[in-house]
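Colleague: could you look at this predicted model? Sequence included:
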Amino acid sequence: MNSSRRCPSNQPLTTVDKTIEYFNAVVARVTATILKEQDEQTRAYVIEKWIDVAYQCRKLKNFSSLTAILNGLLSGCIYRLKTAWSFVTENYRAILDELKNIFGSCADRKQARAILDKVSIENK
C-alpha cells in the first residue's frame, strides 16, 4: 500500500480509505491464492489453510481480517467451486459454518464483538 497515493481531490488517503484498501487486498489475496491453483484438491488445501487463518484471527479477536477472509471464501467465484469444496474436510466446513454464523451476516460490530467475547469466555 502506497501511503503517498492521493484521492481524486488530491487529498491524502484517510484512515478509512486505507482500511478499505487493506480489506479489499485481503479479499483479493484469498481469492487469488485459491484460483491460481488448477488442481481441485490443491484448491481445497488452500481453502482449508484460509479457514485456519480465519480461525486464528477469531482467536486473536482480529475482527477486520476475519471478516475480509470470510468475504473472500464466500465470494461467488470461490463459493461456486463445487468440486474443490467437495475435497474440503467436514471438520473445516464445520469451522467455516461456525465462523459464518458468528460473523458472516453481522452488520452490527458491537453485536459481533459481544458474540466473540462470549465465545472466548465459553472456550476457557
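Modeller: That came in fine, so what should we check first? Numbers count the residues shown, from 1 in each chain.

Colleague: over to residue 100. Which of the three states is it?
Modeller: On the three-state scheme (DSSP: H, G, I helix; E, B strand; the rest coil), residue 100 is labelled helix.

Colleague: count of neighbours near it?
Modeller: Neighbour count for residue 100, taken as other Cβ atoms under 10 Å: 14. Placement of C-beta: from N, CA and C, glycine included.

Colleague: list the buried ones in the helix or strand where residue 78 lies?
Modeller: For residue 78, the host element (DSSP states H and E) is helix 76-79. Across helix 76-79, burial judged by 16 or more other Cβ atoms under 10 Å covers residue 78.

Colleague: so what does that helix touch, helix or strand wise?
Modeller: The contact analysis (3 or more Cβ pairs under 8 Å, 6 or more residues apart in numbering; DSSP states H and E) places helix 76-79 against helix 15-35.

Colleague: picking that back up, could I have the CA atoms of whichever helix or strand comes after the helix holding residue 78 written out in PDB?
Modeller: For helix 76-79, the following helix or strand on the C-terminal side (DSSP H and E) is helix 82-87. Once non-C-alpha atoms are left out, helix 82-87 reads as follows in PDB (Å, rounded to 0.1, in the frame of the first residue of the first chain):
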ATOM      1  CA  LYS A  82     -18.200 -27.200  -6.100                       C
ATOM      2  CA  THR A  83     -15.500 -29.800  -6.900                       C
ATOM      3  CA  ALA A  84     -12.900 -28.100  -4.800                       C
ATOM      4  CA  TRP A  85     -15.300 -27.700  -1.900                       C
ATOM      5  CA  SER A  86     -16.100 -31.400  -2.100                       C
ATOM      6  CA  PHE A  87     -12.500 -32.100  -1.100                       C
END
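
Colleague: report the buried residues of helix 82-87.
Modeller: 84-85, 87.

Colleague: show me the contacts for residue 47.
Modeller: Contact partners of residue 47, counting by Cβ atoms under 8 Å, 6 or more residues apart in numbering, are 34, 73, 78, 84-85, 88, 92.
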